[in-house]
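J.: Have a look at this prediction, sequence included:
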Amino acid sequence: MAYVDLHTHSTASDGSLPPREVVRLAKARGLKAIALTDHDTIDGLAEAVAAGQECGVEVVPGVEISARYPGGTMHILGYFLEYDNELLARRLAVLQQARKDRNPRIIAKLNELGIPLRIEEVERISGGGQIGRPHIARALFEAGYVGSLQEAFDIYLGNQGQAYVEKFRFPPEEAIGMIRAAKGVPVLAHPFTLGLNDPASLRALLRELVNLGLAGLEVYYPEHSPELEALYLALARELNLLITGGSDFHGDNKPEVELGRIPCQSKLTYEMVEALKAWRRREYGGSGASDQ
């Protein structure tokens, strides 16, 4: 059986490994294909694709876009993007600037709480990629202000944290539209983060997103319980959505998640990649270089 992982991050956003090293680790763990889906950026894709060609791992060019959703957190994954698409790059630049503007505000809140953290310390930890909350969490941990990365989010950086700052997000229709403009396949990531506790509400939201162009649902994910997994699988089949899954690998910035070694790994098979390719060919025609 050929296994895959369709949700990974590198130093281009908030992972701890450079794109090429994520690909090499995938090779070492026996994965046939991975998707690099950094947050709001495609900067690592060229490096990842080149590394995949060198070591024999198929790299699906991807992205993970934060979308506006009042009840919880919504992320839209995009697969097999034409990542030289200028419109996509311009719109992602808006999100990247919003992240840059947000980080000093988080640092300022921490300073007001008596934590003299400096942005330069966080920049060092980021290794040159765009800074995100995981980098700030690691800075807090390394300086001894918290006992773990999770504690940093629980106390300071999570949505209810003392130093939390809301960030700009595009509405779902624009996030999906950006992906489709780049001939990508839009998929809703980890639906449990939406905060919808009853199936009827989730079904209604998924129907809205399908009408906006959504193509798939991330059914398999480390934090999905067997009950949630069964629910998401049933809804995906009911709504004729593609079924995907992934680890949300971040390296040392999410140490509890190991690439190729998550509980649901046996369900992440290469047939998922083939289904994504088939949908893309049906939707956009042809077989562009990004879905080979």
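T.: Ah, there it is. Numbers count the residues shown, from 1 in each chain.
J.: okay, CA-based contacts and neighbour counts for the rest of this
T.: Noted.
J.: Name the next helix or strand downstream of the longest strand that the chain contains, please.
T.: The residue-count maximum for a strand in the chain (DSSP state E) belongs to strand 58-67. Later in the chain than strand 58-67, the nearest helix or strand by DSSP states H and E is strand 74-79.
J.: Tell me the first helix or strand C-terminal of that following strand.
T.: From strand 74-79, the next helix or strand downstream (DSSP H and E) is helix 86-112.
J.: Name the residues of that following helix that are buried.
T.: Judged by neighbour count using 16 or more other Cα atoms under 10 Å, the buried positions of helix 86-112 are 88-89, 91-92, 95-96, 99, 102-103, 106-110.
J.: quick one: low-confidence parts of the chain?
T.: For the chain, applying pLDDT under 70 flags the ranges 128-129, 286-292.
J.: Looking at strand pairing, list the partners for the residue positioned nearest the centre of it.
T.: With distances taken as Cα atoms, centre = their mean, Glu64 lies nearest the centre of the chain, 4.0 Å away. Beta-bridge pairing of Glu64 under DSSP bridges involves His39, Leu77.
J.: Please report the distance of it from Leu239.
T.: Remark: distance between Glu64 and Leu239 (Cα to Cα, to the nearest Å) = 22 Å.
J.: Burial check on Gln160, number of neighbours?
T.: Gln160 has 12 neighbouring residues, counting by other Cα atoms under 10 Å.
J.: Who are the contact partners of it?
T.: Residues near Gln160 by Cα atoms under 8 Å, 6 or more residues apart in numbering: Asp154.
J.: swap the cut-off to 10 Å and go again
T.: Neighbour list for Gln160: Phe153, Asp154 [criterion: Cα atoms under 10 Å, 6 or more residues apart in numbering].
J.: what about the helices in the stretch 151-292 of the chain?
T.: Taking DSSP state H, counting those that start in this stretch to define them, one finds helices in the stretch 151-292 of the chain at 172-181, 199-211, 226-238, 271-284.
J.: Any chance of those helices in CSV with mean neighbour count as columns?
T.: Shown next, in CSV, are the helices of the stretch 151-292 of the chain (neighbours: other Cα atoms under 10 Å):
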stretch, mean neighbour count
helix 172-181, 22
helix 199-211, 15
helix 226-238, 15
helix 271-284, 17
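J.: Adding distance to Thr37, write those helices out as CSV.
T.: Below are the helices of the stretch 151-292 of the chain laid out as CSV (distance: least, Cα to Cα, whole Å):
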stretch, distance to Thr37
helix 172-181, 12
helix 199-211, 20
helix 226-238, 21
helix 271-284, 14
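J.: Nearest to Gly251, out of those?
T.: Counting by Cα to Cα, Gly251 lies closest to helix 271-284 out of the helices of the stretch 151-292 of the chain; the figure is 22.8 Å.
J.: Tell me the helices and strands packed up against that closest one.
T.: strand 3-8, strand 31-36, strand 58-67, strand 74-79, helix 172-181, strand 185-188, strand 242-245 (3 or more Cα pairs under 10 Å, 6 or more residues apart in numbering; DSSP states H and E).
J.: quick one, the fourth one and helix 271-284 angle?
T.: With axes from the mean of the first three to the mean of the last three Cα atoms, to 10 degrees applied, the angle from strand 74-79 to helix 271-284 works out at 80 degrees.
J.: report the angle between the axes of strand 74-79 and helix 172-181?
T.: Going by the same axes, to 10 degrees, strand 74-79 makes 10 degrees with helix 172-181.
J.: Figure out how far strand 74-79 is from the centre of its chain.
T.: Put simply, strand 74-79 sits 7 Å off its chain's centre (Cα atoms, centre = their mean, to the nearest Å).
J.: Over to the second one?
T.: For strand 31-36, the distance from its own C-alpha centre to the chain's C-alpha centre is 14 Å (Cα atoms, centre = their mean).
J.: of all the helices and strands packed on helix 271-284, which lies closest to Pro134?
T.: Of all the helices and strands packed on helix 271-284, it is strand 3-8 that lies closest to Pro134, at 14.5 Å by Cα to Cα.
J.: ok, the residue nearest to the centre of the chain touching Ser10?
T.: No. Counting by Cα atoms under 10 Å, Glu64 does not reach Ser10; the two are 12.0 Å apart.
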